[in-house]
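Undergrad: Sequence first, predicted model second:
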Amino acid sequence: MSSSGGATGFKDTGVEASRLSNLSDVLSFRNAGVFYALVTILLIFTVWVQLIGKNFYLGAANVENILEQAASPVGMMAVGMTVLLISGNFDLSVASNGAFSAMFIAVSVEHDLFGFIGNVEVEVIVILIIAILLACVGGLINGLVHWFVGLNSFIVTLGTLSAFRGMALLISGRQSITFRNTEHGEFMERFIGGDIGEFNLFLLVGGVLIVVAALTFLTGRQMAAGVCAASGLALIVLSFLVDYSTEISHKLVVLVTLVVATWAVMTYTSYGRRVYAVGGNLEAAKAAGINVGLYRVMCFVFLGFCCGLAAVTMISKLQSVEPNLWLTQELFVIASAIIGGVSLLGGAGSVLKTMAGAILLTVLTNGFSFLAFPSEVQLIAVGLLVILSASAYVVAGRRAIAKGKI
Amino acid sequence: MNTSSTVDKVNDTEGSAEPILQIRDVSKNFGAVQALKSVSFDVTPGSITGLIGDNGAGKSTMVKIISGVHKPSSGSLMLEGKPTNFSNPGEARASNIETVFQTLELVEEFDVAENFYMGRDITFLGPLKVNRTSLMRSRAAEAVGQLGINIPGGVTRKVRTMSGGQRQAVAIARAAFWNSKVLLLDEPTAALGVRETEQVLQLVEKLRDNGAAILLISHNMRDVQRLCDQVVVLRQGRRTGFLEGEFTGEDCVSYITGARSDIAEEEL
Ligand SMILES: Nc1ncnc2c1ncn2[C@@H]1O[C@H](COP(=O)(O)OP(=O)(O)OP(=O)(O)O)[C@@H](O)[C@H]1O
Ligand SMILES: [Mg+2]
């Protein structure tokens, strides 16, 4: 690349050595703990279920269940929550914001608010787009109040948690609304609520990995790209040997696209790195000429967008809403991020790890149902998991400091 | 330019060079606190201007005004003869003014290269702005090698894992990296050991010889005396002294403490 003599010695020793330590960092508990935890829990359930003589836990049918449950509103909101936490902020109003958006869809269909358009398909698409925009506006309100009034985001969103919920109740008249078997409902189901077909899971995951590898290679991280591409290819080869097919729903496709795109933007683009900078050290980001206000507010808007997506994908499938939709679900959204190791102080975290956290929560619920544990036990287990995982990160961090790695 | 300039620190040809940055009657108040009162001085290419004074004298405030963090309450800045009015630090940087703040302003979760390029990544694919990470890393590594700054672990080491002195070295390397015309250094050697301080001082001399206009803030009078071609002394926000040519550390101290002053005591 360059022929300057003085620097080459430095480059060879410095960058090579740190590349090796990067690999061990990548595999360290601090960094990859949530993936280890996920694999461990899957193994425990598999053995446990085998021991009591039920069906194979990781059979295609149950994996399909787990994926369906993971592609939940919690999963989608957790993507936006991760980005917001990285930017150094917090949002308690996500479930209320999403619920308002969902309620808007239901009310619009029930009262035929967009009937003047005269074409069911166009009407549905318009309704869904407005629903997403409304959720974005909800995020925008949070962001603007936080930034321009200078109010702590915890307090702002504590207020909007209640206000958005109140607005959802207001527009629905405190009624449950069902629009199953309406023209609009049927198109929604076909458009985004249903399945896209049966796919070999190994082939699908392998394909996603190849895309990730290509992105990684483009930015010049050959080693990471190599590892990614190799595992992707291995899975694709495996897919010809093992038929591991599950039904893939639209919302799963939406979630996977959202996760991969968000992760790529956060990791590989200037936009994403600026979000990390703003959350990592606001003053430094300012001094570096970054428009910190814009980035902070846009992260709220992006989380709003994720809430809107959650509303659109869920309601298209459920086709009914109740006033208490997703009440207290914001806690599981935040729990996913914490289990995934996102720092509440900002500047650190990864969407992929948050997703692993969300899947971990799903597997826990799913596994306990499989074993016919009562739901109160599940709640206690989720609570313990949040505390346990957060403690594990703290302890692992201290041990890394003690070993001189930090 | 000459390279052994430590000895002849008064350089007549440089003394006659056009100032690149002119500060005129700059005042700044934070509410009731008057941090700066009508301060004027020049910064010239290829020379080092010292800015000294006791704690709270207003030195960092001046740096923040020049670098666009604060707006002056009154007064003006002229860059290359043109009046400038930066509304944020990005504009100052775009005008080739680079700053090492007293608080360093590094992102701990970023590695050295990411801190170098924070806010001005090299990207491709147009508006998608995908970072050319390895290009930025190799450029940063190359620059660090050429600057002779020792950062153990290389440019992919996270700042979080570094000592105070190492962080300071990173902040200085970042400012030097961009080959700016004006360099503002707010106590760049405050946390450094003897050897590292010497390295930084030599680096500052090297940058001066390359033609940079440098404003150096320091509490170490020996360093000031060795490096600076002229010195502006601030006391309670006023410019109370100006030294150039042959001056000693004692001269600086007497102005700082107020034993000597160009301004009558009752005017302060
Ligand atoms: N953002 C601010 N808000 C209010 N007052 C400020 C602010 N920044 C500085 N000051 C005040 O302005 C005065 C000058 O501060 P400044 O930081 O410029 O001092 P300094 O000369 O850099 O001191 P030191 O040697 O301790 O770094 C002080 O009285 C300080 O309290
Ligand atoms: Mg200061």
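TA: It's in. Treat the numbers as computed from the prediction; the structure is a model and nothing was measured. Residues are numbered from 1 along each chain as shown, chains lettered A, B, ... in the order given. Ligands and ions are numbered 1, 2, ... in the order given.
Undergrad: and B:T49, what element?
TA: strand B:48-52 (DSSP states H and E).
Undergrad: now do B:P83
TA: strand B:82-84.
Undergrad: Just give me the neighbour total for A:G75.
TA: The tally of other residues near A:G75 (other C-beta atoms under 10 Å in any protein chain shown) stands at 28. Where C-beta positions appear, they are placed from N, C-alpha and C, glycine not excepted.
Undergrad: Who are the contact partners of the residue of chain A found nearest ligand 1?
TA: The nearest approach of chain A to ligand 1 comes at A:E283, 11.2 Å away (C-beta to the nearest ligand atom). Residues counted as contacts of A:E283 (C-beta atoms under 8 Å, 6 or more residues apart in numbering or on different chains) are B:103, B:105.
Undergrad: In the sheet, which strands lie alongside the strand holding B:T49, parallel or antiparallel?
TA: strand B:213-217 (parallel), strand B:230-235 (parallel) (DSSP bridges).
Undergrad: residues making contact with the helix or strand that the shortest one is followed by?
TA: Taking DSSP H and E as the definition, the helix or strand that follows strand B:213-217 towards the C-terminus is helix B:221-227. The list of residues contacting helix B:221-227 from outside it, by C-beta under 8 Å, 6+ apart, reads B:6, B:9, B:48, B:50, B:52, B:189, B:197, B:201, B:204-205, B:216, B:218, B:231, B:247-249, B:252-253.
Undergrad: Is helix B:221-227 in proximity to ligand 1?
TA: No. Against ligand 1, helix B:221-227 shows no contacts by C-beta under 6 Å from any ligand atom, the least distance being 13.2 Å.
Undergrad: Work out the gap between that helix and the centre of the chain.
TA: Relative to its chain's centre, helix B:221-227 lies at 15 Å (C-alpha atoms, centre = their mean, to the nearest Å).
Undergrad: Quick check: closest non-adjacent residue to the residue of the stretch 301-406 of chain A found nearest ligand 2.
TA: Nearest residue of the stretch 301-406 of chain A to ligand 2, counting by C-beta to the ion: A:G347, 25.2 Å away. Once flanking residues are discounted, A:G347 sits nearest to A:G280: 3.0 Å by C-beta to C-beta, 6 or more residues apart in numbering or on different chains.
Undergrad: Enumerate the residues of chain B near ligand 1.
TA: For chain B, the residues in contact with ligand 1 (C-beta under 6 Å from any ligand atom) are B:30, B:33, B:35, B:53, B:55-61, B:102.
Undergrad: now that we have those, which one has the most neighbours?
TA: Among the residues of chain B next to ligand 1, the one with the most neighbours (other C-beta under 10 Å) is B:G58, at 26 neighbours.
Undergrad: Quick check: that residue touching B:V39?
TA: Yes. The pair formed by B:G58 and B:V39 meets the contact definition of C-beta atoms under 8 Å, at 7.5 Å.
Undergrad: overlap in contacts of those two?
TA: Residues touching both B:G58 and B:V39 by C-beta under 8 Å, 6+ apart: B:234, B:237.
Undergrad: A:L258: helix or strand, and which one exactly?
TA: Using DSSP H and E, A:L258 sits in helix A:250-268.
Undergrad: Which residues in the helix or strand that that helix is followed by does the neighbour count mark as buried?
TA: Under the assignment DSSP H and E, the closest C-terminal helix or strand after helix A:250-268 is helix A:270-280. Within helix A:270-280, the residues that count as buried by 16 or more other C-beta atoms under 10 Å in any protein chain shown are A:270-280.
Undergrad: Next: stretch A:331-347.
TA: Residues of stretch A:331-347 classed as buried: A:332-343, A:346-347 (neighbour count, 16+ other C-beta under 10 Å).
Undergrad: The stretch 151-268 of chain B: strands as residue ranges?
TA: Taking DSSP state E, counting those that start in this stretch, the strands of the stretch 151-268 of chain B run over residues B:182-186, B:213-217, B:230-235, B:238-244.
Undergrad: scratch that, chain A is what I was asking about
TA: All strands of chain A, identified by DSSP state E, fall at A:177-178, A:195-200, A:245-249, A:320-321.
Undergrad: distance between stretch B:254-266 and the chain's centre?
TA: Chain-centre distance of stretch B:254-266: 25 Å, with C-alpha atoms, centre = their mean.
Undergrad: That one - what's its average pLDDT?
TA: The average pLDDT within stretch B:254-266 is 85.
Undergrad: Any chance you could list what contacts that stretch?
TA: Residues outside stretch B:254-266 that contact it (C-beta under 8 Å, 6+ apart): B:52-54, B:57, B:233, B:235, B:238-243, B:251, B:253, B:268.
Undergrad: May I see the buried residues of that stretch?
TA: Those would be B:255-256, B:258, B:261, for stretch B:254-266 by 16+ other C-beta under 10 Å.
Undergrad: try stretch B:40-58
TA: Buried positions in stretch B:40-58, judged by neighbour count with 16+ other C-beta under 10 Å: B:41-53, B:57-58.
Undergrad: Surely B:Q236 touches B:A57?
TA: Yes. Between B:Q236 and B:A57 there is a contact under C-beta under 8 Å: 6.7 Å.
Undergrad: Show me the helices in chain B, by range?
TA: B:12-15, B:59-66, B:89-94, B:112-117, B:133-147, B:164-177, B:194-209, B:221-227, B:249-257 (DSSP state H).
Undergrad: Can you list the helices and strands that the longest one packs against?
TA: This points to helix B:194-209. Helix B:194-209 sits against helix B:164-177, strand B:213-217, helix B:221-227, with contacts defined as 3 or more C-beta pairs under 8 Å, 6 or more residues apart in numbering or on different chains; DSSP states H and E.
Undergrad: what about the first one and chain A, any contact?
TA: Looking back up the chat, that one is helix B:164-177. No. On the criterion C-beta under 8 Å from any C-beta of the partner chain, helix B:164-177 is out of touch with chain A, staying 9.5 Å away.
Undergrad: Let me know the average pLDDT across that helix.
TA: Per-residue scores along helix B:164-177 average to 90.
Undergrad: and if you look at the shortest one?
TA: In this model, strand B:213-217 has a mean pLDDT of 96.
Undergrad: ok, A:A335 to A:G226 distance?
TA: Noted for A:A335: a distance of 34 Å to A:G226, by C-beta to C-beta, to the nearest Å.
Undergrad: Look at residue 5 and report its pLDDT.
TA: Using chain A here. With respect to pLDDT, A:G5 scores 33.
Undergrad: was after chain B, sorry
TA: 39.
Undergrad: does A:I127 really touch A:V107, like I thought?
TA: No. Using C-beta under 8 Å, A:I127 is not in contact with A:V107; the gap is 9.7 Å.
Undergrad: which one of the two has more residues nearby?
TA: More neighbours surround A:I127 than the other of A:I127 and A:V107, with 22 against 19 (other C-beta under 10 Å).
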